[in-house]
Structure formats: C-alpha cells, structure tokens
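**Q** Just a sequence and a predicted model for now, questions to come.
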Amino acid sequence: MRSVSSFRPANDHDTAQLIAGSQVIAINFQTVAAANHYWR
C-alpha cells in the first residue's frame, strides 16, 4: 500500500484532484453510515 507521503509530491500542485478524491471518500462514508442506520 502506498503511503500518503509518496502520493502527495506528484499531485501537490493539482488541488482539484485532492479535493475530488476527498469528496468521493466522504460520500462513501456517508453512504455506509446511512446504510448502517437503515438496518437498525
């Protein structure tokens, strides 16, 4: 598994990609949280 520090230098100049990736991760967490709450 690549560490964040090895990923960052290559994409440090492109903040739009970092923000988009963060949004995808946040949506995934939101979806899992909603699914977990649904089954209760």
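**A** Now that the structure is in, tell me what you want to look at. Here the structure is a predicted model, which means the values were calculated and not measured.
**Q** which stretches of this protein aren't confidently modelled?
**A** Flagging of the chain using pLDDT under 70 yields the residue ranges 1-12, 39-40.
**Q** can you map out the helices along it?
**A** 4-11, 15-38 (DSSP state H).
**Q** Reformat those as TSV; add mean neighbour count.
**A** C-beta coordinates here come from the backbone N, C-alpha and C atoms, glycine included. Listed next are the helices of the chain as TSV, based on neighbours: other Cβ atoms under 10 Å:
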stretch	mean neighbour count
helix 4-11	9
helix 15-38	10
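**Q** how close does residue 31 sit to residue 15?
**A** 25 Å (Cβ to Cβ, to the nearest Å).
**Q** Kindly report the same for residue 36.
**A** From residue 36 over to residue 15 the distance is 31 Å, taken as Cβ to Cβ.
**Q** got it, and residue 30?
**A** 22 Å.
**Q** Next: residue 22.
**A** Separation of residue 22 from residue 15 (Cβ to Cβ): 10 Å.
**Q** With residue 32 instead?
**A** In terms of Cβ to Cβ, residue 32 sits 26 Å off from residue 15.
**Q** go on, residue 28?
**A** Taking Cβ to Cβ, one finds residue 28 at 20 Å from residue 15.
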